[in-house]
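**Student:** mind looking at a prediction? Sequence and model below.
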Amino acid sequence: MKRIIDPLVSGIKDTSGNVVDSGQVYFYEAGTTTLTTVYQDFDFEEPHSNPATLDAAGCLTAYSDERIKIVVVDSDGVTVRTIDNLGTADSDLTAAVSTLTAGDGLVAGADESLDVNVDGVTITIEADEVKVSDSGIDTDQLADEAVTAAKIANTTITPAKVTAGFVDDSTIENTGSTLRVKAAGITRAKLAAVGQQTSSSSSTYNSSSSSFADVTNLSVSITTSGRPVMILFQSDNSGSPAFIGPIFNGGLSTTIGSAFKILRGATEISRVAHSGPITSGERNYTPPGALNTIDVVAAGTYTYKLQAASGNTQYVTWVNNVIMTVFEL
């Protein structure tokens, strides 16, 4: 069998590891001093001179169909290497292959060649390539951090590669060019919880000032995603009555009893007037749920608060046992 003479291809070095630059190589029949012919080409059309000259890297391309011996001399004619029995006979190759054991990954193939030993299930041979089959990799065989986003090319996963057996047809659909979630695949239960924020209680806040002032504790900050924001007021569930509104202290008045403002930061977004009683000591209370508004804003972080004022000093405005709740719709 025709073979390239491997040591000459990889380069000849002397015993000190130095390349035999422009040395010469003699070719003999194996185990003899009888010169033999080797060739420059695989088709045996161009014979080498004997001796032949190595290049500057100590290399030479030569072919033979028999076992040979080579003797390499340096540019001074001093022998630096002798290698005998190059070009192992076919029968010797078969014998060598037969000594391979299970696990070596190689087996004797047709025409006394070497074949790769694969299971044909997880690893297959296609043409001249050894490939891992689709079923050859599962999650149990991958280290936890073996696959990262950076290692997955944008075109690695395509709809065509997602088989129907691994797609929940009720929630995901493959349009042929796009893998997308169906409308039925999005439900309220599957959405992240809305960003609900609740204040502490106002306790028994009251004021007779005609200037707007912050109501104790009724302030809330929220980070939104861009959906409308609901602001409402309710009982603090303390077991005590929850109400808003004025008490009349006496005299005669036709002014507004109480007024309430809802602000986003320093911006007023809602104002409510509360009529006042006209009899001394009379109360005109309203459930806190009467105060509410919707604010349409872009995504961001906002602080909402409630301010209250009395129509005049004859009134005392109360915000009793109330909490403020803010959330995205």
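**Tutor:** Happy to help now that I have it. Since the model is a prediction, treat every value here as computed from it, not as a measurement. Numbering: from 1, shown residues only.
**Student:** now this structure, which segments are flagged as low pLDDT?
**Tutor:** Scanning the chain with the threshold set as pLDDT under 70 gives 1, 88-120, 126-128, 134-136, 138-168, 176-177, 187-194, 249-256, 276-282.
**Student:** tell me how it divides into domains.
**Tutor:** Here the domain parsing of the chain from automatic domain parsing is 3-86, 153-185, 197-328.
**Student:** how far does the longest one sit from its chain's centre?
**Tutor:** Put plainly, it is domain 197-328. Relative to its parent chain, domain 197-328 has a centroid offset of 47 Å by C-alpha atoms, centre = their mean, to the nearest Å.
**Student:** kindly report the same for stretch 8-20.
**Tutor:** 49 Å.
**Student:** and the end-to-end length of that stretch?
**Tutor:** Across its full length, stretch 8-20 reaches 11 Å between end residues, using C-alpha to C-alpha, to the nearest Å.
**Student:** over to stretch 271-284?
**Tutor:** Start-to-end span of stretch 271-284 (C-alpha to C-alpha) is 18 Å.
**Student:** and what of stretch 35-44?
**Tutor:** 17 Å.
**Student:** need the winner for burial among the domains of the chain.
**Tutor:** Highest mean neighbour count among the domains of the chain (mean count of other C-beta atoms under 10 Å): domain 197-328, with a mean of 17. For glycine as for every other residue, the C-beta is placed from the backbone atoms N, C-alpha and C.
**Student:** one step back: can I get the domains of the chain in TSV including distance to residue 123?
**Tutor:** Listed next are the domains of the chain as TSV, based on distance: least, C-beta to C-beta, whole Å:
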stretch	distance to residue 123
domain 3-86	28
domain 153-185	19
domain 197-328	48
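**Student:** residue 122: which of those is closest?
**Tutor:** Of all the domains of the chain, it is domain 153-185 that lies closest to residue 122, at 17.5 Å by C-beta to C-beta.
**Student:** what are the ranges of the helices in this protein?
**Tutor:** Assigned by DSSP state H, the helices in the chain fall at 6-10, 90-98.
**Student:** who does the shortest one touch, helix- and strand-wise?
**Tutor:** So the one you mean is helix 6-10. Counting contacts by 3 or more C-beta pairs under 8 Å, 6 or more residues apart in numbering; DSSP states H and E, helix 6-10 is packed against strand 79-86.
**Student:** paired strands for the strand it packs on, with orientation please.
**Tutor:** Sheet neighbours of strand 79-86, with direction, are listed as strand 68-73 (antiparallel) (DSSP bridges).
**Student:** could I get the partner strand in PDB with only the CA atoms?
**Tutor:** Extracted C-alpha coordinates of strand 68-73, given in PDB (Å, rounded to 0.1, in the frame of the first residue of the first chain):
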ATOM      1  CA  ILE A  68      12.300   0.900   4.100                       C
ATOM      2  CA  LYS A  69      15.200   2.300   6.100                       C
ATOM      3  CA  ILE A  70      16.300   5.900   6.000                       C
ATOM      4  CA  VAL A  71      19.700   7.300   7.000                       C
ATOM      5  CA  VAL A  72      19.900  11.100   7.500                       C
ATOM      6  CA  VAL A  73      23.200  12.900   7.300                       C
END
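**Student:** just give me how far that strand sits from the chain centre.
**Tutor:** With C-alpha atoms, centre = their mean, you get 58 Å for strand 68-73.
**Student:** mind starting the numbering at 480 from now?
**Tutor:** With the count now opening at 480, the last piece we talked about shows up as strand 547-552.
**Student:** how about the strands in the stretch 580-729 of the chain?
**Tutor:** Using DSSP state E, counting those that start in this stretch, the strands of the stretch 580-729 of the chain run over 585-587, 593-595, 602-605, 608-611, 651-653, 658-660, 676-677, 683-686, 692-703, 708-714, 722-727.
**Student:** export these as a markdown table, with columns for distance to residue 537.
**Tutor:** Listed next are the strands of the stretch 580-729 of the chain as a markdown table, based on distance: least, C-beta to C-beta, whole Å:
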| stretch | distance to residue 537 |
| --- | --- |
| strand 585-587 | 30 |
| strand 593-595 | 28 |
| strand 602-605 | 36 |
| strand 608-611 | 33 |
| strand 651-653 | 60 |
| strand 658-660 | 58 |
| strand 676-677 | 79 |
| strand 683-686 | 97 |
| strand 692-703 | 72 |
| strand 708-714 | 81 |
| strand 722-727 | 99 |
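**Student:** quick one, which of those gets closest to residue 525.
**Tutor:** So among the strands of the stretch 580-729 of the chain, strand 593-595 is nearest, using C-beta to C-beta, at 28.9 Å.
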